[in-house]
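>>> Here is a sequence with its predicted model. Questions after.
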Amino acid sequence: MIDRFIAMVPEAWREVAELFAAPIAWVPQLQQMLFGYFLDSSSVWSATIKYVLLLFPVLLGLAAAWCTGLAVYTLPFRSRRVEFISTVLLTWWDAARAAWMYWVGIIRLGAVVVGWLTTLTHLAVKLLFEAARQLVTLPMAMTGRMSDQYFRPGMPWLAFVILLVWCALEATIFTYTLMPTLSQVLADLSGEAQIPRATGALLWLFLCLLIMGSFACIQALVDAVRKQEFKFIAQIVMVELFVMFFEVMFLYREMVDAITPWIVQQTGDSFRPGLWFTLSVATFGWVGIRGMTWFLFGQYGTPPLLAVISRQPMHTPEGLPVKLVPAPAWWREPLADLKREMSWLHEKSDELLEYLGLPAMHVLAAAVNFGMVLVTARPVFSLPFKSLKEVTDTREVLAGLMHLQPRRQGNL
């Protein structure tokens, strides 16, 4: 462009025009060469490296070259030329420092990003292992909380577990003995030969609950006798008789009928047990089995079973409930962790913003200083910046520019 203007000048004045344009004539050629260097990239990675590492410093160098070349034309019209030249040289020094701070900032940003990624990866792995550990220990933790809530120290765990196992075993035996009769009854009612597959599971669950209820009735009778509640004793005795009648008639009788062929075979068909014999054996069997299981583990395992079902803590022998330690609300600790994490994120986001912004701001501020030195003979920014707050406080800078006092004219 400058060559075209020189070509338009008459030939007699062309050497003078070339001398006059010498301070800035070389800048457009350098600028075109640098732009061609950036546009000529063999791959995306090489272009990325060029733009990230060299674009801002090159633009700063071009701005400095233009401003310095144009400042040469203003020297004859300026006062305090020595001070102006010193300011231009110091601005070049600030530009060199800004380019160096830009590269240092890029390296610092890369190191910080790598460190944060490593920390976040470590945190993710740690949280993953902690979640797996919590998942593995969840049953034990739930059992511990249940024991703290329902049971006092010294709770008969062994009796409680044996009672549950016994109820399941007794329900399994009665399910086996009752399934043929129940299958025949259901087939007659529905008119189909096959019964649903879930019938056995439902029957087992029903019988298991009935057997647990039988132990609960015995526990209620024992508590009524212990507290000498005579009216309640009469009622619970009647209930216990009905329970015994139901279990003997429909459960234990079926079990006795199942072993009756074996008795007949052992006696050589000389003994034919009748209904009264079957009911008597079933009754004695119920009393004997309930008595043995009650005195062995039922009297110790039934109170914890009732405590679990009723969600009430067990009572001490003196009748006083166990004092439970109040647990803090489950949501307080996660909420406090969330608040700490939000505060940490805000702090780190501001820090990351400084890491991203300061390198480029140093270069841009140095370029602005060249323009301000050309116009006002003084820089506007003091480099290097320590934080983004120094960059964002532009109101003070503008106020200082509005109150610039004209300098007195003088010589060197």
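Noted; the coordinates are in hand. Owing to the predicted nature of the structure, the values given are computational and were not obtained by experimental measurement. Residues are numbered from 1 along each chain as shown.
>>> any residues touching stretch 198-211, and which ones?
167-168, 170-172, 174-175, 178-179, 182-183, 186, 247, 251 (CB atoms under 8 Å, 6 or more residues apart in numbering). C-beta here means a position set from N, CA and C on the backbone, and glycine is covered the same way.
>>> How confident was the prediction at the residue nearest the centre of the chain?
The chain has residue 127 as the residue nearest its centroid, 7.7 Å off, counting by CA atoms, centre = their mean. For residue 127, the pLDDT comes out at 78.
>>> and it, that's in a helix?
Yes. Under DSSP: H, G, I helix; E, B strand; the rest coil, residue 127 sits within a helix.
>>> Walk me through the domains of this structure.
What automatic domain parsing lists as the domains of the chain is 2-106+365-402, 158-312.
>>> Those: which one's closest to residue 117?
Taking CB to CB, domain 2-106+365-402 is the member of those nearest to residue 117, at 16.6 Å.
>>> returning to what we had before: mind putting the contacts of stretch 198-211 into JSON lines with neighbour count and secondary structure?
JSON lines is the format used below for the contacts of stretch 198-211 (neighbours: other CB atoms under 10 Å; DSSP: H, G, I helix; E, B strand; the rest coil):
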{"residue": "167", "neighbour count": "23", "secondary structure": "helix"}
{"residue": "168", "neighbour count": "14", "secondary structure": "helix"}
{"residue": "170", "neighbour count": "21", "secondary structure": "helix"}
{"residue": "171", "neighbour count": "21", "secondary structure": "helix"}
{"residue": "172", "neighbour count": "12", "secondary structure": "helix"}
{"residue": "174", "neighbour count": "23", "secondary structure": "helix"}
{"residue": "175", "neighbour count": "20", "secondary structure": "helix"}
{"residue": "178", "neighbour count": "21", "secondary structure": "helix"}
{"residue": "179", "neighbour count": "16", "secondary structure": "helix"}
{"residue": "182", "neighbour count": "16", "secondary structure": "helix"}
{"residue": "183", "neighbour count": "15", "secondary structure": "helix"}
{"residue": "186", "neighbour count": "14", "secondary structure": "helix"}
{"residue": "247", "neighbour count": "23", "secondary structure": "helix"}
{"residue": "251", "neighbour count": "23", "secondary structure": "helix"}
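>>> Now do the helices in the stretch 101-250 of the chain.
157-190, 198-227, 230-247 (DSSP state H, counting those that start in this stretch).
>>> Residue 258 is nearest to which of those?
Nearest to residue 258, of all these, is helix 157-190, at 5.1 Å by CB to CB.
>>> And that closest one, what does it pack against?
helix 198-227, helix 253-266, helix 299-310 (3 or more CB pairs under 8 Å, 6 or more residues apart in numbering; DSSP states H and E).
>>> so how far is the shortest one off the chain centroid?
Put plainly, it is helix 299-310. 38 Å (CA atoms, centre = their mean, to the nearest Å).
>>> For the next helix or strand after it, the averaged confidence score.
Using DSSP states H and E, the helix or strand that follows helix 299-310 towards the C-terminus is helix 332-376. Summarised as a single mean, pLDDT over helix 332-376 is 76.
>>> Same question for stretch 137-152.
61.
>>> Let me know which of the helices and strands packed on helix 157-190 is the nearest to residue 162.
helix 299-310 (6.3 Å).
>>> ok so, going back, residue 76 is nearest to which of the helices of the stretch 101-250 of the chain?
Of these, nearest to residue 76 by CB to CB is helix 157-190, at 103.3 Å.
>>> and the angle from that closest one to helix 253-266?
In terms of direction (axes from the mean of the first three to the mean of the last three CA atoms, to 10 degrees), helix 157-190 departs from helix 253-266 by 90 degrees.
>>> quick thing: my sequence starts at 18, can you match it?
Done: numbering now begins at 18, and the last item shifts to helix 174-207.
>>> So what angle separates the directions of helix 174-207 and helix 247-264?
Using the same axes, to 10 degrees: helix 174-207 against helix 247-264 is 50 degrees.
>>> Dump the helices of the stretch 118-267 of the chain into JSON lines; add distance to residue 406 and mean pLDDT as well.
Formatted as JSON lines, the helices of the stretch 118-267 of the chain follow (distance: least, CB to CB, whole Å; pLDDT from 0 to 100):
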{"stretch": "helix 174-207", "distance to residue 406": "64", "mean pLDDT": "86"}
{"stretch": "helix 215-244", "distance to residue 406": "71", "mean pLDDT": "88"}
{"stretch": "helix 247-264", "distance to residue 406": "80", "mean pLDDT": "84"}
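>>> Kindly present the ones you listed as JSON lines, with separate columns for distance to residue 80.
Formatted as JSON lines, the helices of the stretch 118-267 of the chain follow (distance: least, CB to CB, whole Å):
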{"stretch": "helix 174-207", "distance to residue 80": "82"}
{"stretch": "helix 215-244", "distance to residue 80": "84"}
{"stretch": "helix 247-264", "distance to residue 80": "100"}
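>>> So which of the helices and strands packed on helix 174-207 is nearest residue 175?
Per CB to CB, nearest to residue 175 of the helices and strands packed on helix 174-207: helix 316-327, 8.3 Å.
>>> Let's see the closest one as PDB, backbone CA atoms only.
C-alpha atoms of helix 316-327 as PDB (Å, rounded to 0.1, in the frame of the first residue of the first chain):
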ATOM      1  CA  GLN A 316     -39.100 -67.400  75.100                       C
ATOM      2  CA  TYR A 317     -36.000 -65.500  74.200                       C
ATOM      3  CA  GLY A 318     -36.500 -65.100  70.400                       C
ATOM      4  CA  THR A 319     -40.200 -64.000  70.500                       C
ATOM      5  CA  PRO A 320     -39.800 -60.600  72.200                       C
ATOM      6  CA  PRO A 321     -37.200 -59.400  69.600                       C
ATOM      7  CA  LEU A 322     -39.500 -60.700  66.800                       C
ATOM      8  CA  LEU A 323     -42.500 -58.600  68.200                       C
ATOM      9  CA  ALA A 324     -40.200 -55.600  68.600                       C
ATOM     10  CA  VAL A 325     -39.200 -55.700  65.000                       C
ATOM     11  CA  ILE A 326     -42.700 -56.100  63.700                       C
ATOM     12  CA  SER A 327     -44.100 -53.300  66.000                       C
END
